[in-house]
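1. Structure for this input, please:
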Amino acid sequence: MTEIDRRRVLKGAAATAMGSALVQVAGTAAQASPATAAGAGRAPVPASCSAPGEQNFPKVGGNYGNQSYSSLSQIQRGNLRRLGGAWVNRIEGGLTTGTNQSTAVAVGGVLYIESALGNVHAVDGATGVTKWVYRQTRGTVTRRGVAVGQGMVFTHGKGNWLIALDQQTGAVVWERQVNGYGNMEKVAVTYHDGLLHVGTHDGDRGAAMAVNAADGELVWHFWGAPGPGEFGNDTWEGESWRTGGATPWMHPALDPELGLVYWTFGNARGNRSSQDGSQRGGMNLFSSSIVAMEIKTGKYRWHFQSIHHGIWDMDNVMAPVLADVRIHGKIRKVVVYGSKSGMYFILDRTDGSAPLGIDERPVPQDARQKTWPTQPFPRQGPWVESRVVDQPLGAAVPGDPNRAVPNYVQGALYDPHWDTPVLSTPGHGGGACWNQQSYSHSTELVYTGFGYVAAAHSLTEASNGLRPPGEYQTGGVVAVDPSTNQVRWRKRLPYSLAHGNGILTTASKLLFIGQPDGNLLCLHAENGQELWRFQCGAAISSSPIMYEVDGVQYLAVYAGGTGIPYGDSAPRGDFLWAFKIDGSVPPAPTPPPPVVRRPVSGGPVEGSAVANTVVLARTYNATTGQVSAVESTAVNAMAPTHMRVPVGTTVTFVNPVDNVNVHGATQFFEGLFDFRLQPGQSATYTFTRRGEYFFNDCYSPRPTGKIEVY
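-> Numbers count the residues shown, from 1 in each chain. Predicted coordinates for the structure are as follows:
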């Protein structure tokens, strides 16, 4: 173990090796200057990271602490039945495609939102009338939110471009290409005191950066995977840091009073995939870490790594939330960190210590993966189940949303893998991911949407793990008390709410969250009881916000939709909605709901076209109608993967004579059949009821098919 390894292994707390030096630096940093105004003639972003939003909702996350909380209380339980549409703006004229992940901000009575096309729209918050539109000239990329400051609106363009627009007209003020630090296109921009804090994503190596808001000039950068001579480099084997990933792909939190910005860095990558640790031994800092650095200089202050040497794409990169909470009778300035693992790490944001305790626990090892011997666990446990439920075939359907897809090796969180897929939960699409959390000053609880989307990891997966076809992808909302890290309540809902489904809480103890079926929900923040819902016309992959214009308080949300985790079945749109008491705009037409079960690979094929026969362990070319001559364990190695037949059809399953291995068809979850076939053998089943019937292979569970009976 290297010296840096010894210093960074945390025994029940975050990094404390620097001890009193950390506290001393924090005391000095508290002299940092407060935030400047959010724009010329506009209300400022509150200087305190904990000051709740009022008339404005000036940044993604509401305030610098990402609390996504509004002190406005005109909308309350007593008048929710009167809450209706104030206006709706189809900002792109009726767009029904694309990836919409941007959350609106509201400054001075104007909403600013990015569309799936990358265009920026300024919309009057009282009337819904478009004031101006910036038409993207730098190419379409996924956006998650603009920043507003110094009389400008800041957005991204494809190819690492930052673009500053005049806040009043939308005219381009400046454009700056910042190359050499990773893909800078997706992360929401954060403005503070003359600097733009921007992050990179989805690359071999990435950095957190600050640029001058006046002209886009780079001020400082901080690498997620440190290079030679930089603190943390010796936690990477050889040259593995060069392709180590560790990108900061969600916006940070800032504490202007402490003078610190808190960036979260993503999972480690590797020579083959994020699931392969065989050639990047070590802890791999700063992957799966939160790092506190000085706002003005980017200087390192402290860090906490939530997953050492990750091989599961289980980074806790969700935008951190800052709050002042009472722990053991003392007010502590904390940062709430965590997401995909289904755990919260409650850290003191001044020095990274853990007031509620975090323990390093031994975990299973595999020398081939160079696994780290321990992983950190908060003493209070996870807020979602960290186990796959083993329900037998034929049990209640759908059954537990965490039930295991058959034939997979079932593992626990942090079980290692190699060439055999190991199924565990929360998967890389479960727990929570890039949805905005909320801290309520009214209830003193932290809320997040979560998903039950188990994942199977092995080196056979090219990227970040397999979400098994046929599994149920559901989720819910959880409320956690940050003073104890205990779950206060948990509400299961029909859909995964881990991907952009942000939460807004209000002074009137309301909680708003959008679903992939287009419904905006209002829950009682104290117990999760549903109080109100409204159909917005498209999947909601953004956070609701609240603002005030001329004494009228509005709730707003952008309903556009994205493909995670429901693919093209999630309805798309371009609906920017605002709501008020006695609003009279009716709900949008209800779109077809997302398909909750993970789909198989490939489109539907009529059974009559293939003699009502499924060939096991072979792929199918839908264009030519040909079955491959090569035995396969690919996900699409059922020929065809999706067959449509009328009720009463007998389907034949055949293992070709020139296959080498025994293959099968295990039907789940109804348990209708479970064939094991030697090469050359076949079996049949007659489908007597309408429905969708998934099955996978006993030899390797990856190949999965579906019979659609109509």
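
2. Could I get the average pLDDT for the helix or strand harbouring Ala665?
-> Per DSSP states H and E: Ala665 is located in strand 663-668. The pLDDT scores in strand 663-668 average 98.

3. What of stretch 331-344?
-> Rounded mean pLDDT across stretch 331-344 is 95.

4. and the strand holding Ala665, what other elements does it pack with?
-> strand 613-616, strand 674-677, strand 691-696 (3 or more CB pairs under 8 Å, 6 or more residues apart in numbering; DSSP states H and E). Quick note: C-beta positions are derived from backbone N, CA and C, even for glycine.

5. how about 10 Å then?
-> strand 613-616, strand 650-654, strand 674-677, strand 682-686, strand 691-696, strand 704-709 (3 or more CB pairs under 10 Å, 6 or more residues apart in numbering; DSSP states H and E).

6. Throw those strands into JSON lines and include distance to Lys491 and mean neighbour count, thanks.
-> JSON lines is the format used below for these (distance: least, CB to CB, whole Å; neighbours: other CB atoms under 10 Å):
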{"stretch": "strand 613-616", "distance to Lys491": "40", "mean neighbour count": "23"}
{"stretch": "strand 650-654", "distance to Lys491": "40", "mean neighbour count": "18"}
{"stretch": "strand 674-677", "distance to Lys491": "35", "mean neighbour count": "18"}
{"stretch": "strand 682-686", "distance to Lys491": "38", "mean neighbour count": "15"}
{"stretch": "strand 691-696", "distance to Lys491": "27", "mean neighbour count": "21"}
{"stretch": "strand 704-709", "distance to Lys491": "30", "mean neighbour count": "23"}
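
7. Could you pull up the residues touching Val478?
-> Going by CB atoms under 10 Å, 6 or more residues apart in numbering, Val478 touches 342, 344, 382-384, 432, 445-450, 487-492, 497, 528.

8. hang on, the earlier thing: who does the strand holding Ala665 pair up with?
-> Sheet pairing here is set by DSSP bridges, and for strand 663-668 it gives strand 674-677 (antiparallel), strand 691-696 (antiparallel).

9. that older thread, now the buried members of the contacts of Val478.
-> Buried members of those, counted by 16 or more other CB atoms under 10 Å: 342, 344, 382-384, 432, 445-450, 487-489, 491, 497, 528.

10. Which one, of the helices and strands packed on strand 663-668, ends up nearest to Gln410?
-> strand 691-696 (14.2 Å; CB to CB).

11. Now do the closest one against strand 704-709, angle only.
-> On the basis of axes from the mean of the first three to the mean of the last three CA atoms, to 10 degrees, strand 691-696 is oriented at 160 degrees to strand 704-709.

12. avg pLDDT for strand 691-696?
-> Taken as a whole, strand 691-696 has an average pLDDT of 97.

13. For the stretch 151-300 of the chain, which segments count as helices?
-> Taking DSSP state H, counting those that start in this stretch, the stretch 151-300 of the chain contains no helices at all.

14. Provide a list of residue ranges in it with pLDDT below threshold.
-> Applying pLDDT under 70 to the stretch 151-300 of the chain flags residues 271.

15. What ranges does it have for its strands?
-> 152-157, 161-166, 172-177, 190-192, 195-199, 207-212, 218-223, 253-255, 260-265, 289-294, 300-305 (DSSP state E, counting those that start in this stretch).

16. winner for burial among the ones you listed?
-> strand 260-265 (a mean of 29; mean count of other CB atoms under 10 Å).

17. Can I get that one in CSV, CA atoms only?
-> What follows is strand 260-265, C-alpha atoms only, in CSV (Å, rounded to 0.1, in the frame of the first residue of the first chain):
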residue,chain,number,x,y,z
LEU,A,260,-15.3,26.2,-1.1
VAL,A,261,-16.8,24.6,-4.1
TYR,A,262,-17.8,20.9,-3.9
TRP,A,263,-17.4,18.8,-7.1
THR,A,264,-18.4,15.1,-7.4
PHE,A,265,-16.4,13.0,-9.8
